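>>> Got a sequence here, can you build the structure:
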Amino acid sequence: MHDYQRPPTLHRYGERSDLELALTQGQFILRPAAQCLTLSFSQVWDRKLFDLFSADACLIIHNTEEFGERIHRAVQRALPNWAGIDGAIEYGTRAALGAAFTKTRAEAQEQEWQFAWRSMQAKLSNNAVLIKIGSIEQFAELRDRDTYLA
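This is a model prediction of the structure:
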């Protein structure tokens, strides 16, 4: 078993309308990357990331363990022949978790935590997949760039 701990909070920068759906319905889109379907978050609150991601809001998840378990269960239901893992992106060096968790040093400011799933069959879907995990309002919130975060 991989020994790791999810960060205490996860941050997803994006358009408020998309993030409201994530908050109220638990709706997320898994995107194809490096032979996997991925869902990425930042481990940090950083106003510069609003500009980097052309975002007007940030979804902050406070119970990352509950969130992670719900995400993995939802993907398992939607894609039963896929294996999932989550972990920190490594910048400028090959990640132990593989290419999907490796990015360039130039991207290090993102400080990403990524969820990724790989098909256990030969064919890979190049299509994005929408999943819903139900409302996460009991342990998440939306903030804009001017909201001070302690």
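>>> what residue lies at the spatial centre of the chain?
With distances taken as Cα atoms, centre = their mean, the residue of the chain nearest its centroid is Ser40 (2.8 Å).
>>> Can you tell me the element Glu69 falls in?
Glu69 is located in helix 64-78, with elements delineated by DSSP states H and E.
>>> Next: Gln114.
Using DSSP H and E, the element containing Gln114 is strand 112-119.
>>> Now do that strand, average pLDDT.
Taken as a whole, strand 112-119 has an average pLDDT of 95.
>>> ok so, going back, helices or strands up against the helix or strand hosting the residue nearest to the centre of the chain?
Assigning secondary structure by DSSP H and E places Ser40 in strand 36-42. Secondary-structure packing of strand 36-42 (3 or more Cβ pairs under 8 Å, 6 or more residues apart in numbering; DSSP states H and E): strand 10-14, strand 27-33, strand 112-119. Quick note: C-beta positions are derived from backbone N, CA and C, even for glycine.
>>> right, and those - which one's nearest Ala100?
Between Ala100 and the helices and strands packed on strand 36-42, the shortest gap by Cβ to Cβ is with strand 112-119, which sits at 4.6 Å.
>>> Name the residues that touch the closest one?
Counting by Cβ atoms under 8 Å, 6 or more residues apart in numbering, the neighbours of strand 112-119 from elsewhere in the structure are 6-7, 10, 30, 33-43, 68, 71-72, 75, 79, 81-89, 97, 100-101, 103, 125.
>>> so what strands line up beside it?
With DSSP bridges as the test, strand 112-119 is paired with strand 36-42 (antiparallel), strand 82-88 (antiparallel).
>>> Out of the ones you listed, flag the one nearest Ala57.
strand 36-42 (13.3 Å).
>>> Next, the angle strand 10-14 makes with the closest one.
100 degrees (axes from the mean of the first three to the mean of the last three Cα atoms, to 10 degrees).
>>> Check which element follows strand 36-42 along the chain.
The C-terminal neighbour of strand 36-42 among helices and strands, as given by DSSP H and E, is helix 47-52.
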